[in-house]
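Asker: what shape does this take:
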Amino acid sequence: MLRLSNRDVPERDRLPFLHDFVARCVAGLQFTPCDEADFEFDLTCRPLADGTVVGSARYSAVQGERTRELTADGRSNYMLTVHESDYEVDVKGGGRLDVSKGDIVIVNESLRQAFTMPHTRLLAIVLEERRMADLAPAIRARAIHHVPAASPGTALVTGYAGLLLGNPALDDAGARLAGDHLHQLAALALGAGETRTPSELPGIGGARLALVKQEIARSLTDPELDIATVARRQGVTPRYIQRLFEREGTTFGHFLRDARLDLAHAALESGAGTVSAIAFDCGFGDLSHFNKAFRSRFGATPSDIKAAALRKLQ
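Answerer: Reported below is the predicted structural model:
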């Protein structure tokens, strides 16, 4: 069990310690106290297994934000929170939401968000993204999920989380089992019986991947384009981008190569330019590699495609 209180650190170091603790236990957040001179906080965090975390916190009135820069940490699990006071939250892609005391809110950590809280206590649970998507596929359909306090399953989530925080004796096997229970209870609260519709299929990860592909298309002919460059422009980590492509059964490198090959194929069919010029113009730095990859993808050499195109033009 990890703990941090404003009483544990000098006043001048409170915000740095708070930011560090929250970033290590949950995800990067930027806090702005409504009254910095009288700002109090008390946090408890219990890591379980496989990235699952359960914690509680007490804050004086505060504004918080997960900025574009902070989302570059690549975290994409779900954060479930339950507050003991009304508050408001604004999530990128989900809009502004007024949340009542006791309601469950679930937001993907990869999204930018901002919130304003009065003096409050809250429960926070980090849930693994893939496990939640398996249990409740509809979770990927929206940027933010809001479950009223009166909904079936809400009390089970909060009650079980409170039990875990009050029970310090838990071995590794118990921690894994507890994590499984939290995911199942959260799925129950969401309504795991919901059916995934076609419009829900892309989800948050799909929307992110679409933006990455657009970035690749804009810079396709740049021979220096790599995953690190795209990740920096998108404000995420290279590993996060790689995971998005893995879900489609491919890699960043394979997608980039195939997109360049498609562009080269279209250029060769126009009949203009030499094979080498087209290869270099499409971002390939090695002509031998280009020829080999082209033949593997299309079953013909670049020269074959160009010759066929010229015959059509005669």
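Asker: the stretch 1-150 of the chain: strands as residue ranges?
Answerer: 2-5, 30-33, 41-47, 53-59, 62-66, 78-83, 87-91, 95-99, 104-108, 113-117, 120-127, 144-147 (DSSP state E, counting those that start in this stretch).
Asker: in CSV: these, plus mean neighbour count, mean pLDDT and distance to Ala173.
Answerer: All C-beta spots, glycine's among them, are computed from the backbone N, C-alpha and C. As requested, these are exported to CSV (neighbours: other Cβ atoms under 10 Å; pLDDT from 0 to 100; distance: least, Cβ to Cβ, whole Å):
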stretch, mean neighbour count, mean pLDDT, distance to Ala173
strand 2-5, 15, 93, 21
strand 30-33, 16, 94, 36
strand 41-47, 19, 93, 15
strand 53-59, 22, 95, 17
strand 62-66, 19, 95, 33
strand 78-83, 23, 96, 23
strand 87-91, 18, 93, 36
strand 95-99, 14, 90, 35
strand 104-108, 24, 94, 27
strand 113-117, 20, 94, 34
strand 120-127, 20, 95, 20
strand 144-147, 20, 91, 30
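Asker: now those strands as CSV including distance to Arg239?
Answerer: Supplementary listing: the strands of the stretch 1-150 of the chain in CSV, determined by distance: least, Cβ to Cβ, whole Å:
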stretch, distance to Arg239
strand 2-5, 25
strand 30-33, 23
strand 41-47, 20
strand 53-59, 20
strand 62-66, 19
strand 78-83, 18
strand 87-91, 23
strand 95-99, 29
strand 104-108, 16
strand 113-117, 22
strand 120-127, 18
strand 144-147, 25
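Asker: among these, which comes closest to Gly235?
Answerer: Taking Cβ to Cβ, strand 62-66 is the member of the strands of the stretch 1-150 of the chain nearest to Gly235, at 11.4 Å.
Asker: let's test this: name the helix or strand in the protein with the lowest mean pLDDT.
Answerer: Within the chain, no helix or strand scores below helix 203-218, which has a mean of 73 by mean pLDDT, DSSP states H and E.
Asker: which SSE is immediately downstream of that one?
Answerer: Moving toward the C-terminus from helix 203-218, the next helix or strand (DSSP states H and E) is helix 227-234.
Asker: packing partners for the next helix or strand along the chain from that next one?
Answerer: Next helix or strand after helix 227-234 toward the C-terminus (DSSP H and E): helix 238-246. When contacts are defined as 3 or more Cβ pairs under 8 Å, 6 or more residues apart in numbering; DSSP states H and E, helix 238-246 packs onto helix 203-218, helix 227-234, helix 252-269.
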